[in-house]
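Q: Below are the sequence and a predicted model; questions follow.
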Amino acid sequence: MDDASDAPATDGGAGAAGGSEPTPEEEAAAAEDFIAEQRHLRLGKLDAMRAAGVDPYPVRFERTTTAGAIQAAHGDLQPGTEIDEKVSIAGRLMLMRRQGKLSFATLVDRDGPIQLFVSTAVIGEVAHHDFDDLDRGDWIGVEGTIMTTRRGELSVKVAGFTLLSKTIRPLPEKWHGLTDTDTRYRQRYVDLVMNENARRIARIRIQTISRVRHYLEGQGFSEVEGPVLQSTQGGATARPFVTHHNALGNDLYLRIALELHLKRLIVGGLDRVFEIGRVFRNEGVDTTHNPEFTMLEVYQAFGDYNDMMDLTEGIIADAARDVLPDMKVTYGGVELNLAPPYRRATMVALIEEELGVDINPAMPVEAARKVLDGLGVAYRADWGSGRLTNAVYDELLQHKIVQPTFVLDHPREVSPLARPHRDDPTLTERFELVISGHELANAYSELNDPVDQLQRFEDEAAAKAHGDAEAGDVDLDYVRALEYGMPPTGGMGMGMDRLVMLLTGTPSIREVILFPTLRPEPGMGGLTESTPGPRGDL
RNA sequence: GCGCCGCUAGCUCAACUGGUUAGAGCAAGUGACUCUUAAUCACUAGGUUCGGGGUUCGAGUCCCCGGCGGCGUACCA
């Protein structure tokens, strides 16, 4: 891409009043500096190469093996061995050690490093000079044979090489690498080149999502895709992003959850479905929250929340198996044991056990308020005993739960999509899986009574009308679906990013999302200003 | 949102209580070098100290405003 030429000129006149935006002149000057500096360094080499008939960006290269395969096949060779096996490999030059008529270089491909041994005696003076003229960061293809050096380093003895892509920008420092978090997130491509931990987290994320998918398929679940653009807000409580469809002439939400469309598919008879997909919440950004994140939701007809507990344990255990052979991980300085079974305890019992107080959604609201007064927990006048019970749990208990624990039977008042508990109508059949003080999964025996569901939607809509931006809409189409009959169903949602955080021992969600949401970088093109949407900020 | 901390060469970092011309390593350029491993050695070049204003004889350093980031805190996964 030609990043110098497009961005500045096109937004004629906008932003003059703001003062904080770089002017087009400043951006042009910055681009000028870049070009001036780089032309001195490497663009000159490009020109020279082209003049000499060498294409610095050729179209294809045929490789026969990789660094890892060579290491695996020949890792046991004695020092000073040469074998007559021809290989062709490709990768990025990461280190160069030139010493006259002999050069060593470290080539890295996706498996890792392998040393290149380049000798004038083998390839001649001209080719060796061309090799020494390469820059750290260049992509090259190499043909050669397998050897070990006198000190035993497995190497490819280079018989010939081809430049595959010329690097114009210098890589970060070879020893300290790239540490600036802002640059690491904005230029993840450089982070991945330089930092083994970035590659490790990326690898575990890829592997985790793949394992979850295959585990569920193995259990008879079908992967489906619901709509991202939706006209009603529901399935969770969160502020949505709003966008606009020009041809249809209406505003749309970006989904905040996967739930309601998956359950429509249960109504349609798909029986066991799941989706791993991106959801969007227009809320704060911090160590554990990104505006877009990846959710897993699973629905199983004829099951209940007990089945979901078993399934949740199975998913986590299966995902952890490769990454954590002993099922243990140190997170936040504490060793967590992810081996099932996990403790199962009701919210009311945990409060009693940990805090020594008796509070539950069935008790008179005055009595519940006294409990909160005694504990020093703040509450609002319109909360019932259910919400008060939940407040005690949220404020004083959840963050203390370290080892994996299913917290069961949340008050009905805080669980609009869960089915009332079979033994106690003030509770629901719901659980949250809490690990290291954070909620990793949330599940219900799903509510399938359309009349009850409509009532709960209307309660939420009333809250929204009173200014609660996180409250959902009345989704009458969903109610209509339930009226056609949804079988008894267990459903579960799990944050995939948080699962990866857990498996990698990473405290920040931005480390496990390859491209976390950041403020736009000035001068890089695209949207940089706040343009009020058709409905403004909800 | 709020609070605290940070931003110095392409990268990683120095620069005392405000005091000459802002230093070093790596990367880059030139040269030497046939077994290196962050190769080594010599020389060269590289800076709007995040931006703007202020205090001062003098500001990378102090003050104010703004930008970007990190962490903490409140709510959501």
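A: Received, thanks.
Q: What residues does the stretch 1-150 of chain A have near RNA strand B?
A: Within the stretch 1-150 of chain A, the residues that sit near RNA strand B (CB under 7 Å from any atom of the strand) are A:20, A:29, A:37, A:41, A:95-102, A:104, A:106, A:115, A:117, A:119-121, A:135-136, A:149-150. Every C-beta, even on glycine, is put in place using the N, C-alpha and C of the backbone.
Q: bridging residues for the residue of the stretch 351-500 of chain A found nearest RNA strand B?
A: Closest contact between the stretch 351-500 of chain A and RNA strand B, by CB to the nearest atom of the strand, is at A:Glu439 (3.7 Å). Here A:Glu439 sits in beta bridges with A:Val434, going by DSSP bridges.
Q: Surely it and A:Arg430 touch.
A: No - with contact defined as CB atoms under 8 Å, A:Glu439 does not count as touching A:Arg430 (11.7 Å).
Q: who has more neighbours, those two?
A: A:Arg430 (25 against 17; other CB atoms under 10 Å).
Q: what does the stretch 351-500 of chain A have sitting close to RNA strand B?
A: Residues of the stretch 351-500 of chain A lying near RNA strand B (CB under 7 Å from any atom of the strand): A:394-395, A:438-439, A:442, A:470, A:495, A:497-498.
Q: Now with 6 Å, please.
A: Proximity of the stretch 351-500 of chain A to RNA strand B, by CB under 6 Å from any atom of the strand, involves residues A:394, A:438-439, A:442, A:495, A:497-498.
Q: Kindly indicate whether A:Ala349 is helix, strand or coil.
A: Secondary structure, DSSP: H, G, I helix; E, B strand; the rest coil: A:Ala349 is helix.
Q: and it, how many residues sit next to it?
A: Neighbour number of A:Ala349 under other CB under 10 Å is 13.
Q: Kindly report the same for A:Leu95.
A: A:Leu95 has 14 nearby residues by other CB under 10 Å.
Q: partners of it in the sheet?
A: Residues in beta-bridge contact with A:Leu95 (DSSP bridges): A:Thr106.
Q: That one against A:Asp135, yeah?
A: No - A:Leu95 is not in contact with A:Asp135 according to CB under 8 Å; the separation is 11.7 Å.
Q: Common neighbours of these two, please.
A: Common contacts of A:Leu95 and A:Asp135 (CB atoms under 8 Å, 6 or more residues apart in numbering): none found.
Q: could you check the distance from A:Thr428 over to A:Asp271?
A: In this view, A:Thr428 and A:Asp271 are 23 Å apart by CB to CB, to the nearest Å.
Q: I misspoke; the intended subject was A:Gly314.
A: 18 Å.
Q: Specify the local secondary structure of A:Pro170.
A: coil.
Q: now do A:Met494
A: strand.
Q: Who are the contact partners of it?
A: Here A:Met494 is in contact with A:295-297, A:312, A:315, A:433, A:440-442 (CB under 8 Å, 6+ apart).
Q: quick one: pLDDT of it?
A: We have a pLDDT of 95 for A:Met494.
Q: Please apply the same query to A:Glu470.
A: 78.
Q: Ok, the one 10 residues further on next?
A: A:Arg480 is assigned 96 on the pLDDT scale.
Q: For burial, what's the neighbour tally of it?
A: A:Arg480: 13 neighbours (other CB under 10 Å).
Q: and the strand or helix carrying it, how far out from the chain's middle?
A: Per DSSP states H and E: A:Arg480 is located in helix A:476-483. Chain-centre distance of helix A:476-483: 33 Å, with CA atoms, centre = their mean, to the nearest Å.
Q: ditto for stretch A:172-180
A: Computed by CA atoms, centre = their mean, the chain-centroid distance of stretch A:172-180 equals 24 Å.
Q: Helices of the stretch 301-450 of chain A, residue ranges please.
A: A:305-323, A:347-355, A:365-375, A:385-392, A:450-465 (DSSP state H, counting those that start in this stretch).
Q: which residues touch the third one?
A: Defining contact as CB under 8 Å, 6+ apart, one finds that helix A:365-375 is touched by A:355, A:357-359, A:378-379, A:383-385, A:388-389, A:391-392, A:395-396.
Q: try 7 Å this time
A: Residues outside helix A:365-375 that contact it (CB atoms under 7 Å, 6 or more residues apart in numbering) are A:355, A:357, A:359, A:379, A:384-385, A:388-389, A:391-392, A:396.
Q: Check the shortest one too.
A: For helix A:385-392, the surrounding residues in contact (CB under 7 Å, 6+ apart) are A:347-348, A:351, A:359-363, A:365, A:368-369, A:371-372, A:375, A:377, A:379, A:410-414, A:426.
Q: Got the domain ranges for chain A?
A: A:1-11+A:19-54, A:67-165, A:196-342+A:403-512 (automatic domain parsing).
Q: most packed of these?
A: Mean neighbour count (mean count of other CB atoms under 10 Å) peaks for domain A:196-342+A:403-512 among those, with a mean of 18.
Q: Pass me the low-pLDDT residue ranges in the stretch 51-200 of chain A, would you?
A: Judged against pLDDT under 70, the stretch 51-200 of chain A has no low-scoring part.
Q: still on that earlier bit, among the contacts of helix A:365-375, the buried ones, what's the PyMOL command?
A: Only the buried entries of the contacts of helix A:365-375 go into this PyMOL selection, using 16 or more other CB atoms under 10 Å:
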select buried, chain A and resi 355+359+385+388+389+391+392+396
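Q: Which of the contacts of helix A:365-375 sits closest to A:Gly332?
A: A:Leu396 (18.9 Å; CB to CB).
Q: can you name the farthest residue from the center of chain A?
A: Relative to the mean C-alpha coordinate of chain A, counting by CA atoms, centre = their mean, the farthest residue is A:Ala121 (49.7 Å).
Q: unless I'm mixing things up, A:Pro227 is touching A:His261, no?
A: Yes - judged on CB atoms under 7 Å, A:Pro227 makes contact with A:His261 at a distance of 6.5 Å.
Q: Mind giving me the packing neighbours of the host helix or strand of A:Asp251?
A: In the assignment (DSSP H and E), A:Asp251 maps to strand A:250-254. Counting contacts by 3 or more CB pairs under 7 Å, 6 or more residues apart in numbering; DSSP states H and E, strand A:250-254 packs against strand A:229-230, strand A:242-245.
Q: Can you pull out the residues in contact with the helix or strand following that strand?
A: Later in the chain than strand A:250-254, the nearest helix or strand by DSSP H and E is helix A:259-267. Contact partners of helix A:259-267, identified using CB under 7 Å, 6+ apart, comprise A:224, A:226-227, A:234-235, A:273, A:275, A:297, A:299, A:301, A:417, A:446, A:475, A:478, A:481-482, A:484-487, A:489, A:491.
Q: Does helix A:259-267 reach RNA strand B?
A: No - using CB under 6 Å from any atom of the strand, helix A:259-267 stays clear of RNA strand B, with a minimum separation of 11.5 Å.
Q: what's next to the next helix or strand after that helix, contact-wise?
A: Under the assignment DSSP H and E, the closest C-terminal helix or strand after helix A:259-267 is strand A:272-280. For strand A:272-280, contacts defined as CB under 7 Å, 6+ apart pick out A:209, A:212-213, A:216, A:220-226, A:241, A:254-258, A:262, A:265-266, A:291-301, A:496.
Q: partner strands of strand A:272-280, parallel or antiparallel?
A: Strand pairing (DSSP bridges) places strand A:272-280 next to strand A:222-223 (parallel), strand A:292-301 (antiparallel).
Q: avg pLDDT for the last one?
A: Rounded to a whole number, the mean pLDDT of strand A:292-301 is 95.
Q: so how far is A:Asp468 from A:Tyr97?
A: One thing to correct before we go on: residue A:97 is Arg, not Tyr. Taken as CB to CB, the span from A:Arg97 to A:Asp468 is 64 Å.
Q: Excluding chain neighbours, what is closest to A:Pro416?
A: Leaving aside its chain neighbours, A:Pro416 sits nearest to A:Arg456 (4.5 Å; criterion: CB to CB, 6 or more residues apart in numbering).
Q: tell me the pLDDT at the one you found?
A: pLDDT at A:Arg456 comes out at 87.
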